[in-house]
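J.: Pasted the sequence and its predicted model underneath.
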Amino acid sequence: MKKYLYKKTDAFTTGLSLGNPAACIYTGEESLSDEEMLNIAKQHKGFVSEVVYCASSDKSDIKLTYYSSECEVDFCGHGTIAAMYELLKNNEALLHKKQITFETNKKGPLLLYNEIEKEDAVYIAAPEPMHYNVPVTTTEISDAFGVEENVIANNYPLALIDAGLRTLIVPIASFQNEIDVFPCEERLKAFCQDNGVDIILIFSMDTRNKEYIAHTRVFAPKFGYLEDPATGSGNSAFGYYMYEYKLWDGTPAAIEQGGSDRIFNTIKLKMKDNKVLFGGRSTLRIEGYYII
C-alpha cells in the first residue's frame, strides 16, 4: 500500500467564483506508472478537470505531469496554478522564492513567478507559442457549435495558436451570444479530433465587468469534458492573439471566463520579457491522502 498527500483545489477563484477544479497528488521521490496515473485520473472523471502529479526533480524545483480522464495532457495551466499555489503557500523555503522552475513531461522546463505576498497570485510563463494555419472555415465552426454562421464575428480573424495546448481562437459577434453557446459535446469532440485541435477558445471583447479586457470560454471535449471553466494555456494563447492584433498592450490585465450558467472566473495576464504570463490563485477544498 502506498499513501500520497492529496489536495483537491480550485484554480482561478475570485470572490464567489468556483474556479476550475484540479486534484493534486504529491508523490515526492516516488514515481507512478503511466497506467497508474491514467487510472487515477479516470476515477476523477466528473469531479475534476485534470489530475496533476507533483514529483521531485533533479532538473527543477518540481516535476509536474498532467492527466485528464482520457489521456496525458501536454500542459495544464489551471492544474499548475492549483498545485504550485498550494505548494508555495505551505512551504516556507519556497514561499519567499521569487522564481521557481518546474519540469513538465511534454513541454520541458517552465518558469513560475511567485507574487503571493504582493498579489496573492502565482504567474506562469507558458510554453513558447506556435502559430499554425487555421484548418477550418467559419461555416464548419458554426456547424460544430450548432449556431448560425453570423454568430461567428468577422471583425477579428480566426487563429490557431499553441501556448501549451493547440488552441483554436474564435471571435463571437456579441457578449450575449458568447455566454449562451452550449454545444453538443460529442459533435465538438469529433470536430477537434478531425482537425488537430486540443481546445477551442471563443471570445468577446465586451465584458460584464468593465474592469476586464475580454470575456472568454474554453471547450475541451478531447479531454473528457465539454467546458473548461477557467483556463491557463488557452488564455495564454489568447493573450498572444490580443497582443498581435493590438487588442491589448501587455500591461497587467484580467479576463473573465465562463458561460451564463456560472459566476465568471478570473485569469490575470501580463507581459514579461516579451512573454505572456497567466496567473491567479487557488482555493483548497479537500486535503488528505490518496492510497493505492
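T.: Cool, got the structure.

J.: Not counting sequence-adjacent ones, nearest residue to Ser68?
T.: Take Ser68 and drop its neighbours on the chain: the residue closest to it by C-beta to C-beta, 6 or more residues apart in numbering is Phe223, 3.8 Å away. All C-beta spots, glycine's among them, are computed from the backbone N, C-alpha and C.

J.: and stretch 177-189, how far apart are its ends?
T.: End-to-end distance for stretch 177-189, by C-alpha to C-alpha, to the nearest Å: 21 Å.

J.: re earlier: how much space is there between the residue nearest to Ser68 and Glu35?
T.: Going from Phe223 to Glu35 by C-beta to C-beta, to the nearest Å gives 18 Å.

J.: the more surrounded of the two?
T.: More crowded of Phe223 and Glu35, by other C-beta atoms under 10 Å: Phe223, with 23 against 8.

J.: Distance-wise, check that one relative to Gly146.
T.: Using C-beta to C-beta, one obtains 20 Å as the distance from Phe223 to Gly146.

J.: Ok, Cys54 next?
T.: According to C-beta to C-beta, Cys54 and Gly146 sit 39 Å apart.

J.: So if I had to pick from these two, which one is more boxed in?
T.: Applying other C-beta under 10 Å to Cys54 and Gly146 shows that Cys54 carries more neighbours, namely 24 against 13.

J.: Three-state assignment for the closest residue to the more buried one other than its chain neighbours, please.
T.: Counting by C-beta to C-beta, 6+ apart, Cys54 lies nearest to Tyr26, which is 4.7 Å off, once chain neighbours are set aside. Classification of Tyr26 using DSSP: H, G, I helix; E, B strand; the rest coil returns strand.

J.: how many neighbours does Tyr26 have?
T.: 19.

J.: Mind pulling the model confidence for it?
T.: What the model reports for Tyr26 is a pLDDT of 95.

J.: Distance check, it against Lys63.
T.: Per C-beta to C-beta, Tyr26 is found 11 Å from Lys63.

J.: Now list whatever residues contact both of those two.
T.: Cys54, Ala55 (C-beta atoms under 8 Å, 6 or more residues apart in numbering).

J.: By average pLDDT, which secondary structure element in this protein comes out worst?
T.: helix 92-95 (a mean of 84; mean pLDDT, DSSP states H and E).

J.: Let me know the next secondary structure element after it.
T.: Of the helices and strands lying after helix 92-95 in sequence (DSSP states H and E), the nearest is strand 99-104.

J.: Test my guess that Pro171 contacts Phe203.
T.: Yes - shown here, Pro171 and Phe203 form a contact pair, counting by C-beta atoms under 8 Å, at 6.1 Å.

J.: Compare these two (neighbour count), which wins?
T.: It is Phe203, of Pro171 and Phe203, that has more neighbours when counted by other C-beta under 10 Å, with 26 against 19.
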